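Trainee: Sharing a model that was predicted from the sequence below.
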Amino acid sequence: MPVNITSIKTSSNGVWQGDNPLHFAFPLLIVQTTLILVLSRFLAFLLKPLRQPKVIAEIVGGILLGPSAFGRNKDYLHHIFPSWSMPVLETVANIGLLFFLFLVGLELDLTSIRRSGRRAFGIALSGISLPFICGIGVAFVFRKTVDGADKVGYGQFLVFMGVALSITAFPVLARILAELKLLTTRVGETAMAAAAFNDVAAWILLALAIALAGNGSGQHKSPLISIWVLLSGVAFVAFMLLLIRPAMKWVAHRCTPERDVVDEAYICLTLAGVMVSGFMTDLIGIHAIFGAFIFGLTIPKEGEFAERLIERIEDFVTGLLLPLYFASSGLKTDVTKIKGGEAWGLLVLVISTACAGKILGTFAVALMFRMPVRESLALGFLMNTKGLVELIVLNIGKEKKVLNDETFAILVLMALFTTFITTPTVMAIYKPARGSSAMAHRKLRDLTNSEESKDELRVLACLHGLDNVPSIISLIESTRSTKKSQLKLFIMHLVELTERSSSIIMVQRARKNGLPFINKFRGVEWQDRVTGAFRAYSQLGRVSVRPTTAISVLSTIHEDICHVAEIKRVTMIILPFHKQWRGDGDHQTVENVGHGWRLVNQRVLKKAPCSVAVLVDRGFGNGTQTPGSNANVAEKVCVLFFGGPDDREALELGGRMAEHPAVKVTVVRFVEKEGSRNDGVVLRPSQSKSSEKNYSFSTATINREKEKELDEGAMTEFRNKWDGQVEFIEKTDNVVEEVLGLGQCGDYDLIVVGKGRVPSPMVAKLADRQAEHAELGPIGDLLASSNRRVLSSVLVIQQHDMAHAEETPVSKVVDENGYDKVKGDASSGVGEISKAV
């Protein structure tokens, strides 16, 4: 049914009164938005294994919704995206674009650009100039080949084509670098700095192109008008940077954490400023988004004000409104306009010219600055990233009628292709060297046996936030030897990299000081408090504290942890458990930071280049004083010893704690009764068992006699050294009840246990139990269970030993006579994990 555009109403009266909601602006906008969001998210899910940025999915989704695919069905196009609805959709989408460009300006730090140096400037200059010249060459070919291209004035068409080929998408590049873990490499730092230069230059060139394009007629006009537009634009930028920037600095200062609350009036004033800035540049004749971008540059990047602004708008803008812009772009992109060999030849020409100009230009200059060939080539491909900003340029060109349908479609496909190839190509040609340090002490035992008695203990402690600080400080202080070695502590705050712009701002800050990622925490209140707490602690004794930050997606953040542990020659990694207990006794509540962080811990335990300790915090360090070297007993620690390499490492840590005068250590050794020693058990692996619900043990061949000898030797040495200072207790039977009794009695602040990958006979008998947290081993899981009413915090230690790196879940526990203690399929066993223990 044809609809008269003058009769369009906002909302319908409903189907019961005979109205079709799709004939009314607001219900139709809801349908369009929902369809766009569902499709773009589905495509993002499909492209995730290829590690493609979300912008690729959004652009492809827009193209699919448009005349290139679904739009071939005219009924669909008429009902879902009728021509009368497009101004409404584009208006809402452009509001999203306006605020997104404000966020882009907000995350672009001009001071970091000034500090970037000659190399980044030289690479950016070559990365712009050579593709721009190539774009001008391609423009001449287009004017001769594409119908209607010669009707546009030479100046505006050449500049638009030059900008389209020379641009680098700064936000997309930051995302790609973060996911490839290249941010703190020389390639990543240079790429970010050069892209920031490129971004600023691109907006200047775009402003020039818009000024030349004029009123959207695509026709020639007086050069005087373009000059006036440019001069007005320069005056606007000068006004914003010289007057508005100091004013925004004053506003940001008024919104510091010391003033307790950020005044909502300042937030509203700033959001209104985005709209007014956009109106002013539109009034000048450039484009509204240019004003929003410049206004974003005026906001101070350090302080809570920028963070609070981002919290207010980014999810709504990037999650809801921005996909609408890509969809409206896709609805204008008709791939079917690219017909015949000549048109497809032009597409190949544009792609090859854009890639050759950007990659070769960057590559050549990078070589001139004496960068290695692989780094230079990777840098070229990184700088070739297009995507989001490119699409904005193309849409403005189409809006100003500088680009016709065929040229627009060709350039959109070029932007898609160049961005799509970036991640796989860089992964193929460049991997930063992550060499191992052969001299590193991989476990505490190595440090004790070192000839150099004053060896430095290096610990990497990870934390999710402020809640982990007291327990980490208490644990490190308890471990600090007051007699022997220095202790060097690396604090790594783990930040999940999301699609949020605030993550990219943190990435920007991380890049400033290289690795460690953030040397000087600034800009976020909790960061100041974390740094202050650890710096104050470092004054207490011989502890050197270095705060760092890892920003990555959860699936790969374990690589950052292991890499820092490798290059910093760390002896032990301390990980916070994914659950944290609050309160006392029956009033305890459990906070869960998420299953994703549990998987991070599991991957670190598997891949770590040193010993690992997982801290299950039930208020450790919260209610007691931090143990100083002259304090009375402030903490009571219990070490459980069953036997095996993990337990020997736990005993070694207990020895270091015993050196501290404010820590009282008790060692509880579990030994089998005389009559049960011959009841050996055999663990059999099973492919049918899940490692999430069943305990995993080492698949290495175990010499039980040697293990027993090592256990006795470690215990004898410990007794001889600490007899009189450490309390020794032996227990024989009922492991579960005895262990839970120690945890529930409340006599100990911390219980230290080994993970038990090479289990003693007593631990092996627990292997048939259903696991709640299998990564902690049978004893650690028992103490970390949520429903056992355990009061003590627990530290589960895994000793670094490559021989025990491979683990498998067990199917059964059987005695030497072959009697199944746990019923199961006899054929499921694929071999013995160990001999009779």
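Mentor: Now that the structure is in, tell me what you want to look at.
Trainee: rest of the way, CA atoms for contacts and neighbours
Mentor: Fine.
Trainee: tell me, how many neighbours does the nearest residue to Thr318 once chain neighbours are set aside end up with?
Mentor: Of all residues not flanking Thr318 in the chain, Phe100 sits nearest, at 7.0 Å (C-alpha to C-alpha, 6 or more residues apart in numbering). Using other C-alpha atoms under 10 Å, Phe100 has 23 neighbouring residues.
Trainee: Tell me which residues touch Phe100, please.
Mentor: Counting by C-alpha atoms under 8 Å, 6 or more residues apart in numbering, Phe100 makes contact with 314, 317-318, 322.
Trainee: Out of the residues you listed, name the ones that lie in helices.
Mentor: Using DSSP state H, 314, 322 are the members of the contacts of Phe100 that sit in helices.
Trainee: circling back: pull up the gap between the residue nearest to Thr318 and Val237, please.
Mentor: Using C-alpha to C-alpha, to the nearest Å, we find Phe100 at a distance of 19 Å from Val237.
Trainee: can you check Arg546 too?
Mentor: Arg546 is 40 Å from Val237, by C-alpha to C-alpha.
Trainee: what do you get for Leu103?
Mentor: Counting by C-alpha to C-alpha, the gap from Leu103 to Val237 is 17 Å.
Trainee: Residues in contact with stretch 226-233: which ones?
Mentor: Residues outside stretch 226-233 that contact it (C-alpha under 8 Å, 6+ apart): 207-208, 211-212, 214, 281, 284-286.
Trainee: Pull out the C-alpha coordinates of that stretch and format them as CSV.
Mentor: What follows is stretch 226-233, C-alpha atoms only, in CSV (Å, rounded to 0.1, in the frame of the first residue of the first chain):
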residue,chain,number,x,y,z
SER,A,226,35.6,26.8,0.1
ILE,A,227,38.2,29.2,1.4
TRP,A,228,35.6,30.8,3.8
VAL,A,229,34.5,27.3,5.0
LEU,A,230,38.1,26.3,5.6
LEU,A,231,39.0,29.6,7.4
SER,A,232,35.8,29.3,9.6
GLY,A,233,36.8,25.7,10.4
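Trainee: model confidence over that stretch, on average?
Mentor: For stretch 226-233, the mean per-residue pLDDT is 84.
Trainee: And for stretch 733-752?
Mentor: On average, the pLDDT along stretch 733-752 is 87.
Trainee: Give the buried residues for the host helix or strand of the residue nearest to Thr318.
Mentor: Assessed by DSSP states H and E, Phe100 sits inside helix 86-107. Across helix 86-107, burial judged by 16 or more other C-alpha atoms under 10 Å covers 89-90, 92-107.
Trainee: can you check stretch 70-83 too?
Mentor: 71, 77, 80-82.
Trainee: again with stretch 716-733
Mentor: Quick answer for stretch 716-733 (16+ other C-alpha under 10 Å): 718-719, 726, 728.
Trainee: nearest to Phe132, of those residues?
Mentor: Phe718 (72.3 Å; C-alpha to C-alpha).
Trainee: before we move on, which element is the closest residue in space to the closest one that isn't next to it in sequence in?
Mentor: Nearest residue to Phe718, sequence neighbours excluded (C-alpha to C-alpha, 6+ apart): Gly655, at 7.2 Å. Following DSSP H and E, one finds Gly655 within helix 645-658.
Trainee: Now do that helix: everything it contacts.
Mentor: With C-alpha under 8 Å, 6+ apart as the test, helix 645-658 has contacts from 443-445, 478-481, 637, 639-641, 663-665, 711, 714, 718, 722, 725-726, 752-758, 797-799.
Trainee: Next secondary structure after that helix?
Mentor: Going down the chain from helix 645-658, the next helix or strand is strand 663-670, by DSSP H and E.
Trainee: Pull the number of nearby residues for Leu554.
Mentor: When neighbours are defined as other C-alpha under 10 Å, Leu554 has 18 of them.
Trainee: Excluding chain neighbours, what is closest to it?
Mentor: Nearest residue to Leu554 in three dimensions, chain neighbours excluded: Glu496, at 6.0 Å (C-alpha to C-alpha, 6+ apart).
Trainee: ditto for Pro809
Mentor: In space, Pro809 is closest to Ser696, 4.0 Å off (C-alpha to C-alpha, 6+ apart).
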